[in-house]
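Enquirer: Predicted model, plus sequence, below.
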Amino acid sequence: MNYLIAGLAKSGTTMLFSRLQRALNQDQLACFFEPDDPAVIASILDQRDTSDTLTKVLIGRVKSDTPRVDEFGKQLLIYRDPRDQFISMLLYLFYDFQISGDQRGYDYCVAALQNKIEHPDEVSCRSLWDDISGTVGRAPFVVFNNLHNEQRRYWETFSPLLVRYESLLDDDWLAVEDYLDLTLKSADTEVPGEYQRVARSKGYGDWTYWLTDEDIAHTNEAWAANLDWLGYAPGSLRVRREIPASTSLDYVAQFNPSLQR
């Protein structure tokens with residue numbers, strides 16, 4: 001059987017991949033982590049050396065028009081509240097500084113993040129994204145509209161089982177287990193070291209105190225179709241609470257280029 005897990009970046013794909021990997025027979029399994037070259041995907045499907053393959057891909061790098069994706073026998077698309085996924089991707093932008101070694105850019109963006117934490121009601125997460133993404137050379141905030149649309153097209157094209165990230169964190173694996181005919185709930189929850197690029201918070205709902213009232217109003221409108229399709233309610237006003245250092249400044253500290261010297 002060829003198993004395929006797909007999802008946007010920072011939506012729980014690695015967690016699901018790791019859980020499924022542990023549930024399958026290791027002696028008869030070949031694993032492939034985030035291939036995006038159509039030739040590589042074709043070679044996975046043409047494998048003859050193993051009984052099963054398990055592949056994880058990121059939507060955006062693999063798209064609705066990628067050849068032969070429809071040939072995977074079991075397909076899952078894991079999704080997450082787009083607002084939480086946005087915050088997770090915002091913080092993960094700092095990983096680029098670890099790769100580039102840009103200490104000055106890292107320090108500048110840490111200061112911008114510090115300003116957000118000190119003034120959570122005043123500093124827009126959208127503007128913070130554009131500030132940091134511009135520094136590392138990534139796309140501006142509007143890229144999320146493209147990602148959401150591609151996720152929807154992917155689902156419409158390949159009809160994978162939709163898997164809600166928050167349900168898995170709440171230990172609800174029944175639909176996934178029924179679809180795969182595997183026992184996943186009792187499998188080891190830890191992500192193997194070779195796939196563990198960063199510490200994972202394993203929580204949800206952080207967007208309620210990260211986004212400003214203006215951010216919430218904007219995402220309610222700009223992301224309305226995607227929120228409705230995925231079954232998430234529009235936001236109201238920002239929850240007035242502090243942004244914890246443990247999931248913000250402490251988290252991005254692991255990407256400080258000085259630690260790599």
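Expert: Good, I have the coordinates. Numbers count the residues shown, from 1 in each chain.
Enquirer: Going by C-alpha atoms from here, please, whenever you check contacts or count neighbours.
Expert: Fine.
Enquirer: count of neighbours near I59?
Expert: By other Cα atoms under 10 Å, 22 other residues sit near I59.
Enquirer: Kindly report the same for the one 5 residues further on.
Expert: Neighbourhood size, S64 [other Cα under 10 Å]: 19.
Enquirer: ok, now the one 10 residues further on?
Expert: The tally of other residues near K74 (other Cα under 10 Å) stands at 16.
Enquirer: How about R153?
Expert: Burial measure for R153: 15 neighbouring residues, criterion other Cα under 10 Å.
Enquirer: Who's the closest spatial neighbour of it, skipping the chain neighbours?
Expert: S64 (5.9 Å; Cα to Cα, 6 or more residues apart in numbering).
Enquirer: F17 belongs to a strand, doesn't it?
Expert: No. Secondary structure of F17 (DSSP: H, G, I helix; E, B strand; the rest coil): helix, not part of a strand.
Enquirer: and it, what does it touch?
Expert: Contacts here follow Cα atoms under 8 Å, 6 or more residues apart in numbering; on that basis F17 touches 5, 54-56.
Enquirer: ok, and the most crowded of the residues you listed?
Expert: Taking other Cα under 10 Å as the neighbour criterion, I5 ranks highest of the contacts of F17 with 26 neighbours.
Enquirer: Show me which residues of the helix or strand encompassing it are buried.
Expert: Using DSSP states H and E, I5 falls within strand 2-7. Buried residues in strand 2-7, defined by neighbour count with 16 or more other Cα atoms under 10 Å: 2-7.
Enquirer: All the helices of the stretch 151-261 of the chain, residue numbers only.
Expert: 165-169, 174-180, 207-210, 213-222, 224-230, 249-252 (DSSP state H, counting those that start in this stretch).
Enquirer: most tightly surrounded among those?
Expert: Across the helices of the stretch 151-261 of the chain, averaging neighbours per residue (mean count of other Cα atoms under 10 Å) puts helix 207-210 on top, at a mean of 21.
Enquirer: CA atoms only for it, dumped as CSV, please.
Expert: Only the C-alpha atoms of helix 207-210 are listed here, as CSV (Å, rounded to 0.1, in the frame of the first residue of the first chain):
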residue,chain,number,x,y,z
TRP,A,207,-4.2,32.9,17.8
THR,A,208,-6.9,34.3,20.1
TYR,A,209,-4.3,36.3,22.0
TRP,A,210,-1.8,36.8,19.2
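Enquirer: ok so, going back, out of the contacts of F17, what pair is the most spread apart?
Expert: Spatial extent of the contacts of F17 (Cα to Cα) is set by the pair I5 and L54 at 7.8 Å.
Enquirer: quick revisit: so of the contacts of F17, which ones are in strands?
Expert: Assigned to strands by DSSP state E, the following of those qualify: 5, 54-56.
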